[in-house]
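Student: okay, predicted coordinates and the sequence, questions at the end:
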Amino acid sequence: MAQNQTVLGNMSDHPEAIDVKSTAATATMVNGKCRLMTIAQTSAGTAGTVVWRDGGPGGTVLFTTYSATNSQNDIAFPFPGKEFENDLHVTLANVTGLTISYY
């Protein structure tokens with residue numbers, strides 16, 4: 001690495017602001033393109049799942065997250081985050097709360 005070169009690269013590659021949203025129901029959480037950074041998923045009396053779709057309720061399933069009974073599942077994606085090309089949609093089953101951070 002050359003002297004004075006930063007490991008992080010050009011600062012213009014980094015987001016100016018991280019947004020946070022929460023839901024307790026199936027929803028399109030972000031309209032348009034975004035990068036998902038963190039997930040906090042909470043379940044109560046029954047184990048829960050969240051199906052993550054790119055492109056709204058009928059979009060492509062990218063992955064599914066799980067939480068045990070009476071627990072919280074926290075996930076952090078390494079920079080630059082998990083990319084959603086279109087709307088970020090979640091389908092919740094037995095999840096009492098879901099909070100995400102994204103840009």
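Tutor: Nice, I can see it. Every value quoted in this text rests on a predicted model; they were computed, and no experiment measured them. Numbers count the residues shown, from 1 in each chain.

Student: drop to CA atoms for contacts and neighbour counts, all remaining ones
Tutor: Noted.

Student: go ahead and list the helix or strand containing the residue sitting nearest the centre point of the chain.
Tutor: With distances taken as CA atoms, centre = their mean, L36 lies nearest the centre of the chain, 3.9 Å away. Element membership for L36, per DSSP states H and E: strand 34-43.

Student: show me what that strand packs onto, helices and strands only.
Tutor: Counting contacts by 3 or more CA pairs under 8 Å, 6 or more residues apart in numbering; DSSP states H and E, strand 34-43 packs against strand 60-67, strand 71-76, strand 82-84, strand 97-102.

Student: touching the shortest one from outside, list them.
Tutor: Surrounding strand 82-84, the residues in contact under the criterion CA atoms under 8 Å, 6 or more residues apart in numbering are 33-37, 54-55.

Student: same check, this time on the second one
Tutor: Residues lying outside strand 71-76 but in contact with it, judged by CA under 8 Å, 6+ apart, are 37-44, 66-67.

Student: let's go with 7 Å and repeat that
Tutor: Residues outside strand 71-76 that contact it (CA atoms under 7 Å, 6 or more residues apart in numbering): 37-44, 67.

Student: circling back: for K21, which of the helices and strands packed on strand 34-43 is the nearest?
Tutor: K21 lies closest to strand 97-102 among the helices and strands packed on strand 34-43, at 5.5 Å (CA to CA).

Student: quick one: contacts of that closest one?
Tutor: Contact with strand 97-102 is made by 18-24, 34-42, as judged by CA under 7 Å, 6+ apart.

Student: related to what we said a few turns ago, so what's the spatially closest residue to the residue nearest to the centre of the chain that is not a sequence neighbour bridging to?
Tutor: Excluding the flanking residues, the one nearest L36 by CA to CA, 6 or more residues apart in numbering is Y102, at 4.4 Å. Residues in a beta bridge with Y102, per DSSP bridges, are D19, L36.

Student: so where's this structure shaky on pLDDT?
Tutor: Along the chain, the parts satisfying pLDDT under 70 run over 1-15.
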